[in-house]
Every structure is written in structure tokens, then in C-alpha cells.
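K.L.:
this one's sequence-less:
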């Protein structure tokens, strides 16, 4: 027994040590090898610019000398190591082309220097020698592929995060999943089986594919798996890989791709809804440690689901009514409408676990446009392993249109925590006529005994025509003068019919016009809304004021003989003559004063 337990304990310690190394690794000091640029850097060196340093790739290139025969001597420093190389550019025999040196590999095939252009200080180019070169650091590129579980089974729901209040479990308060403002609600529409999503006790597979897509090998490669709390059922959290060779490398021992397969499960009880797994890969080449990391989010699905459905299309009219209203309609169009029927809502709840879930509560509500004969839309029930229960009810409406239904709420307890799920929100389209009556008088204020005309407008805002019968009622103490209070006919969609009649009102005060009776295809109470009515104010007739007769006495005119009057003598007062004299004297005085002043 001891021989069996001892190796097991040692293996457990090794795995624990390897898992802990993920946290202890200082990944910031390593070089990330997630992508490789094989183009390198083009640089030009001459006597004015003798040196070039690349801090990111940690190398320096310096010109040592230009030879008159076209030889360039370079000193190269790379990560503390040093090499001297010579590049040569010579004219050919015809002196029309410079022949360059082949690319040189340095530092154990880590760096490649390729001459692009060399201008020697000889011949016709005696002035300014220079060398244009390309420096490329050969690096590995570590690519990590994690498999995606793409099993699909779609449905929409919203979920209250049951782990949000674990830190204050004693003071847990119920969270309403209808409240969008609460932070602990997963307010995203997700599939019933989205990618990388599993239920409690399901096996979670993880397939890792590590590939070197670079142009240099990497040795001493290691793989670390951080499961973020998921339990490892198959495989190890640490793997040592052989040398991973580059994409175009040959004659080097090693492999290009390594495949690893693992299996996990959720801890029981789970601690959160999302687990972020991370896979780290690192290795070395020429003293440089390269690494890469890839992550994958695992979603915890509820053990149950709730889905809601409704009749896609329905009609307010029966088949016989449609055939009467549509005697000459396109047969294909009427066949499509005849497929419709009553409106049924179905809410389905499924238990995906192999154990029973007890005390489940389902609640549903209807929109204000609908009515139902069900006394209650609340159910309490248990679900056996892998069982599905459906709850069905019928809704009715008198108004056509497209309506979205509110979600149903499923609540239950599992893992000593409350779970609340909202279903999807299906929609239904209802076809039919939509009749509404507008009733108004031509004069809102009349005198008792005076006639007024009442006009009724029947409007159809629906998408189907209908036979309509209107039976109107007269207000009390009124008399029908002319016209008819009844109407019967067919009204097309988005059309209306108008009829009117005249009445005499025999009582004073304010009179409200009564509701008319509306029958759509022979059925009562099929109006889309309350009729819009008006009121009439009736006043007492005004008595005219009595008229007074005034008698003007007649006088006989007396003839008076006409005589020519003598002209009266004009009499003037003494003051009428003295005023002009005073004005004259004043004018003379003013003239004298002005003369003296000048």
C-alpha cells in the first residue's frame, strides 16, 4: 500500500509545484512570441552614421572600415555577444553591376545580415562610400489554439447572478430580474448552449494545439494550464515539450506541432458563472526566453431553462366571416390567412440534470392589449431528471397588430443559492379589422327646439375589410328630423364610412351623445377603442324685449314772407385800432436799437 501511495503523493506535489510556477513566473521579463516580422530592418551606414542600435531586439552594428576594394567591415554586438563580419561589393568585369556578398548568419543562426547596396570608395564613386544592409533576427512564433465547443441550442433568457451577494450572504436580498439597472444581472441575450458553455457536472473538454510558425526553433518548451478553479479530471496542469522547429527549418531534430487534450469539471458547489482558463507556453533560443499565452472563458449554464412561444399569426375573424367578406380575393392570400387561428402561449421548462429539482416557481404576465380566461398565471412544480413541462394558456384581443410578449420568470433554488431566469420575448401578429367610431354634432351650442346634425364616422385602421352594422341611439328628449340612425356596409382597410342625421332637442342643459351600437361581422364589442363622443349645450330661447310706439305730433307749417335783410353797420371797438399802432411803435424801437448797436 505504501508503494502505491508514495508515488502518488510525489506526483501530486510535482503537479502542485508546476501549477504554482505559473504565478511565480515573471512573464514581463520574457519576450512575447505571438507574431513574427520576417522583413527585418533596412539600415544605411556611412562615415557620417557609423553605428546603429536596435533597443527592442538588443543589437548594435558599427562600421569598422571601408576598404578601397569594396569590402565593408562590421562589428556586431547582440545580447552581450560579439562577432565581426565582412561584406563585399565589387564591380563586375564590365563595371556595370556590383556583385554583393551572400547573406551571412551570425550568433548560431540567430541573426541574418543581407547586403542590399554597397558603394565602394573606388572607381567613379570615390567620394562617399556607404553600405545599405538588412538585419533580421530569427525568432520563433508560438501559436496556441484552443478548441471551441460549438454545440448549439438557442434560446434567450436573463439571469440574476446568484454569486453576486456571496460576500454578504446573511444580508442577501432578492434581486428582481426585470430590473435592468441592477449590476448583478447578466443582461445579455445568450444562447441556451452558447460556445464554451456547460452545465454543472458536465465534462469540459480542452484541446490545446501548440505550433511554432516562426523562422527559428525553440527548445526547452513548457506548457502551463491555469484552470481558474475548474477541477482537472484528465491530463496534467504542466507539460514539457520537445524542441519546436520553425516553419522552414530543416535538418533540425524536433517537431513543429504539439497536441494536448485535457478534461475539466466545475467545482461543487460552483463559485461563479464564468471561469477564465489560461494556457502559457514558454521556451528558449540563444539565451532568450520566449512565451505566449491564450485564454478561454467557460460559462456555467443554469441547470434548467425556460422558453416561451406564441402563435405566430392569427386572425380576429373566423373562416366563415373571411369567406363572406372576401368573395373575390386572391385564393393564395386568403389561404395564408385561413392558416391562422386562436392565440396560444406556451411556456416550457426543462431540467437538464440527472437529479430532481423541487420547488420551481413559474410566473407569467400578459400585455394590456390581451385578456385571458386563466385565473392565475403562476405555477409551482417539481421537475424530474431530464424532464420538460409545458404550461399553455389562451389569450384574446380585439385589436390587430404585431405585439411582443413580456418574458416569463422561472425561480428555483440550487446549490443553496437562488436562481432567477427570464425567458425570451416572442411576438405575434394579429390580422383583422380595427373599427372605431367618431361621433360629433355640427353645432356644439344650440337653442331649445333648434335642429342639429349628428355625423358618425366609422374608421377601419386594420389590415382586413369587414362588414359593419351601426345602430345609434338618440339622446333623451330629442326628435329625429331626417336621416337614419342605422348604417350597414363593408369598410376596406385604412378606409372609413360616414353617415349623419338631424335631430331637434326639446330640453335645455348639457346633453352627452350616447354610445352607438357597433357590430363587426355580426359580433358585438369588436371596437378597437372607446367611441369618441361629443356633448351639446342647449340654451333657453331668448324672449325679445317689448317695442314702444312713439307718436310724433303733426304741426301745420306757417308761411312767413321772405324779406331781404339790410346789411348791419359794422361797429369796431377802440382797442381794435390801438393794437396795430402799438406793434408799429415796437418795430420802430427795435430798428433804432439795432442801428445804434451797429
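P.N.:
Now that the structure is in, tell me what you want to look at. Computed from a predicted model, the values in this text were never measured in an experiment.
K.L.:
so which helix or strand takes in residue 306?
P.N.:
strand 304-310 (DSSP states H and E).
K.L.:
who does that strand pair up with?
P.N.:
Sheet pairing of strand 304-310 (DSSP bridges) gives strand 343-351 (antiparallel).
K.L.:
pLDDT of the strand it pairs with, averaged?
P.N.:
In this model, strand 343-351 carries a mean pLDDT of 92.
K.L.:
about what we covered before: who's in contact with the strand holding residue 306?
P.N.:
With C-beta atoms under 8 Å, 6 or more residues apart in numbering as the contact definition, strand 304-310 has outside contacts at 155, 157, 192, 343-352, 357, 360, 362, 364, 383, 405, 407-408, 410, 412, 419, 421-428. For the C-beta atoms, the positions are set from N, CA and C on the backbone; glycine is no exception.
K.L.:
and what of stretch 475-482?
P.N.:
So stretch 475-482 is contacted by 451, 474, 501-507, 511-514, 536 (C-beta under 8 Å, 6+ apart).
K.L.:
now, the contacts of strand 304-310 that are in helices?
P.N.:
Judged by DSSP state H, helices contain none of the contacts of strand 304-310.
K.L.:
would you show me how to pick out the buried ones of those in ChimeraX?
P.N.:
Listed next is the ChimeraX selection for buried residues among these, using 16 or more other C-beta atoms under 10 Å:
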select :155,157,192,343,345,347,348,349,350,351,352,357,360,362,364,383,405,407,408,410,412,419,421,422,423,424,426,428
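K.L.:
next step: the contacts of strand 304-310 restricted to strands.
P.N.:
Using DSSP state E, 343-351, 357, 360, 362, 383, 410, 412, 419, 421-422, 427-428 are the members of these that sit in strands.
K.L.:
for residue 285, the count of nearby residues, please.
P.N.:
Neighbour count for residue 285, taken as other C-beta atoms under 10 Å: 24.
K.L.:
contacts only, for it.
P.N.:
110, 139, 140, 216, 217, 218, 219.
K.L.:
circling back to that earlier point, would you mind checking the contacts of stretch 475-482 for buried ones?
P.N.:
Among the contacts of stretch 475-482, those classed as buried by 16+ other C-beta under 10 Å are 501, 503, 505, 511, 513, 536.
K.L.:
for residue 119, list each beta-bridge partner.
P.N.:
residue 130.
K.L.:
residues making contact with stretch 238-251?
P.N.:
14-15, 18-19, 21, 138, 140, 142, 210-219, 221-225, 252-258, 260, 281, 283.
K.L.:
buried members of those into PyMOL, please.
P.N.:
Buried residues within these, by 16+ other C-beta under 10 Å, are selected in PyMOL with:
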select buried, resi 18+19+138+140+142+210+211+212+213+214+215+216+217+218+219+221+222+223+224+225+254+258+260+281+283
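K.L.:
among the contacts of stretch 238-251, which lie within strands?
P.N.:
Per DSSP E, the contacts of stretch 238-251 map to strands at 142, 210-212, 219, 221-225, 257-258, 260, 281, 283.
K.L.:
the longest strand along the chain - contacts with which helices or strands?
P.N.:
Counting by DSSP E, the longest strand found in the chain is strand 288-301. With contacts defined as 3 or more C-beta pairs under 8 Å, 6 or more residues apart in numbering; DSSP states H and E, strand 288-301 has these neighbours: strand 31-32, strand 142-146, strand 197-199, strand 274-285.
K.L.:
redo that, cut-off 6 Å
P.N.:
Secondary-structure packing of strand 288-301 (3 or more C-beta pairs under 6 Å, 6 or more residues apart in numbering; DSSP states H and E): strand 142-146, strand 197-199, strand 274-285.
K.L.:
what angle do that strand and strand 274-285 make?
P.N.:
160 degrees (axes from the mean of the first three to the mean of the last three C-alpha atoms, to 10 degrees).
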